[in-house]
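After the sequence you'll find the predicted model.
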Amino acid sequence: MQSDALKKKNALLARTLVRTTVARYQTNNNNDTVVDPRSLKFKKNLYGKPEVDGEVDTTTNYPKLKFNISHTDSLIACGVTVNVPVGIDVEDKTRKMRHDVLSLAKRFYSSREVEFLSSIADMEARRKEFIKLWTLKEAYVKALGKGFSASPFNTFSIIRPVAAESYNLCGQAEGWKFRLLELAASSHYAAICIEGEDDEEEAMTVIVHRTIPFVEDELISDWKLL
C-alpha cells in the first residue's frame, strides 16, 4: 500500500507528465507554436474526469486533444489522442491476491468473464487473466469518463475470441478498441481503450515514465502487444 508521501509524489509527477505530454502535441496546424506546459488550462467533466480546457483561448487553432493517466508505485502512463476519448490503466502483473480469484471475479466481473476464468485450471494463469481483465475494464471505464459507480464492471464483458488478435467489448455499444501491452522488464500490464468505428488507426500517443527512480527524460518503449 502506498504511503501518503508516495501518493503525493506520484500525483505531482502525474500532473507534470500530463502537462509536458499534452503541451508537446498542443500545436496549431502550422506546427510553428511551442506551448508552455504551465499555460495549459484544465477542467473536469460532470463525473470529475480532467480534460483540456479548449475554450480558454479561442484565438488558436489547436487540435482537440484527449488524455488519460494511470500510475502505480513505479510507473506513470499518459495516453493522448486527437478528438477521440481514451482510457489507460497500468497494473503490476505480479500483484498477489488476498482473496480467491473466482470469489473476486463473482463480485466484480460479468458472468461471462467468471465462466472464462473458471475454465482456466492453472491457478497462476487464472490470476494473470484476472489482472489482464481488470486492466482492460479499468481502461474502458476511464475512457467513458463516468466513473466506476456509473459503469460497474459486472455490466459489461471483455473477451478475446479464439484466434483473435485483440480483445472485444460485449454487452455495450460497439465502437471501442482495446490494446493490452506487457512491459516485461518492469512486470506490468498496460491497457489502452479508445473510441473508433472503423479499422483505421486513430492518432494516439502513450508516454510512460518510471517513478522509482524518476528520470525526467526517460521514455519506456519496450512494450509488447499481448
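Great, that's in hand.

Give me the three-state assignment for Arg95.
In three-state terms, and counting by DSSP: H, G, I helix; E, B strand; the rest coil, Arg95 is coil.

Next one: the closest residue in space to Phe130 that isn't next to it in sequence from Ile88, what distance?
Residue nearest to Phe130 in three dimensions, not counting chain neighbours: Val101, with 4.9 Å by CB to CB, 6 or more residues apart in numbering. Just so you know, the C-beta spots here come from the backbone N, C-alpha and C atoms, and that holds for glycine as well. Distance check for Val101 against Ile88: by CB to CB, to the nearest Å, it reads 24 Å.

So those two - more neighbours on which side?
The neighbour comparison of Val101 against Ile88 (other CB atoms under 10 Å) goes to Ile88, with 26 against 18.

For that one, name its beta-bridge partners.
For Ile88, the beta-bridge partners are Ile192 (DSSP bridges).

thinking it is in contact with Ala190, fair?
Yes - under the criterion of CB atoms under 8 Å, Ile88 makes contact with Ala190 at 6.8 Å.

Now do the shared contacts for these two.
By CB atoms under 8 Å, 6 or more residues apart in numbering, Ile88 and Ala190 have these common neighbours: Ser70, Ala77, Val206.

Name the nearest of those relative to Leu136.
Nearest to Leu136 among the shared contacts of Ile88 and Ala190, counting by CB to CB, is Ser70 at 12.4 Å.
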